[in-house]
Structures are given as C-alpha cells and as structure tokens.
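>>> Fold the following, please.
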Amino acid sequence: MNLRSKLAILGAMALLISACQSTDTVDTSAETEMEAPVATSTPATTGPSPEEQARMAAEALARVVYFDFDQSVLKPETRSLLLQHAAYLRTVNTPIVLEGHADERGTREYNIALGERRAQAVADFLVLQGISASRIETVSYGEERPAVVGSNETAWSRNRRVEIRY
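Residues are numbered from 1 along each chain as shown. Next up is the predicted model:
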C-alpha cells in the first residue's frame, strides 16, 4: 500500500469518527416519560472498597479444615483454602484463633495432643505465608467439642478438624 492510499484511508476514518460525534446541545431529558429521575441527594457509589471486597471474600471462605484419621498433615485442598485465608489475613491485622479438634477415638490426653498438632500445622502454614506468629493463637479441644455427635465414620470425619476464627 502506498502513502497516498494510507492517507486516503486515514482521512476516511477521521471523517467517519467525526460524523459519529454529537454536537447536539438541546436538553432531551424530558423527551420520554420512561426515564427515571436522577437522585441528587446521595452520592454515587462505585461499589465496595478493596478492603471490603477482601473481607466479604474471607467471610465466604470455609472456616474449617479437615484431617484424616490420626493425622495432622494438611491435605492439598486444605492448603489451597489456607492460601486464600492468608491472602485476606495479610490485608488486615486481626488476631487469629485456631481451634484443634479430634474424634472420640483415643484417650482424652491423646486427642488433646492431636488437636494441638493439627492447630499447629495450620499455624505453621499461615506463618510460612507471611502471617505473623504473634497474631496466631492455637487451642486444642480434643474430643470435647464435637461438631457432629455419633460413633460412625461420618461423624468422626467431621470432628477431625481445625476451626479458624478471626
């Protein structure tokens, strides 16, 4: 394409763009009865702030992570959930309480220790993600506060958990 053709195309585009621009200065707000009145007493909102969006996202996150029988190792799905919690927690300075729990199998002392190991595993992961250890408190309830009462695998699996509170 030669220079003359390029200039002709640019000129045509400029004419097209200028033809699309409106220079009408007549007030047409009263032309239709279907238009909604414009509220002038309240300022327009642009939606929630980034901080508010992060808080709402954190509220939507699951606050319970589950463990396998007699384990305190984080599952892959738990790690992805904790990454989301860590992202939120980096934006705020609230304290975090991690409550460790166990099912009813085992002695009371063993289950208290297991709940503590589970809570500590979550705490360690959050610290690795940049959350200050001074903000994190771990508590173990062992088998004392079951989420589900029962002596079957369904109940036991719901009781092997850490609850995240902030």
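
>>> And Leu98, its phi and psi?
Here is the backbone geometry of Leu98 (degrees, to the nearest 10): phi -110, psi 120.

>>> Please point out which parts of the lengthiest helix in the chain sit buried.
Longest among the helix segments of the chain by residue count, using DSSP state H, is helix 108-128. Across helix 108-128, burial judged by 16 or more other Cβ atoms under 10 Å covers 111-123, 125-126. The way it works is simple: take the backbone N, C-alpha and C, and place the C-beta from them, glycine included.

>>> Which members of these are the farthest-apart pair?
Among these, the pair separated by the greatest distance (Cβ to Cβ) is Asn111 and Leu126, at 22.9 Å.

>>> where does Leu61 land on pLDDT?
According to the prediction, Leu61 has pLDDT 82.

>>> Need the nearest residue in space to it, chain neighbours excluded.
Gln84 (5.5 Å; Cβ to Cβ, 6 or more residues apart in numbering).

>>> residues near that neighbour, how many?
By other Cβ atoms under 10 Å, the residues close to Gln84 number 14.

>>> so it touches Ala62, yeah?
No. Counting by Cβ atoms under 8 Å, Gln84 does not reach Ala62; the two are 9.2 Å apart.

>>> could you show me where the strands are in this structure, in order?
Along the chain, counting by DSSP state E, strands occupy 64-66, 96-101, 136-142, 161-165.

>>> Against Thr107, how distant is the residue lying closest to Ala133 once chain neighbours are set aside?
Leaving aside its sequence neighbours, Ala133 sits nearest to Val127 (Cβ to Cβ, 6+ apart; 5.1 Å). Val127 sits at a distance of 30 Å from Thr107 (criterion: Cβ to Cβ, to the nearest Å).

>>> ditto for Glu116
In terms of Cβ to Cβ, Glu116 sits 14 Å off from Thr107.

>>> go on, Ser49?
Counting by Cβ to Cβ, the gap from Ser49 to Thr107 is 50 Å.

>>> Same question for Gly150.
Distance, Gly150 to Thr107, using Cβ to Cβ: 19 Å.

>>> These two: which has the busier surroundings?
Neighbour count, other Cβ under 10 Å: between Gly150 and Thr107, Gly150 has more, with 13 against 10.

>>> Tell me the confidence at the more buried one?
Model confidence at Gly150 (pLDDT) stands at 93.

>>> With adjacent residues omitted, what lies nearest to it?
Trp156 (7.8 Å).

>>> Now do the helices in this structure.
3-20, 50-60, 76-89, 108-128, 153-159.

>>> So which helix or strand of the chain has the lowest pLDDT on average?
helix 3-20 (a mean of 48; mean pLDDT, DSSP states H and E).
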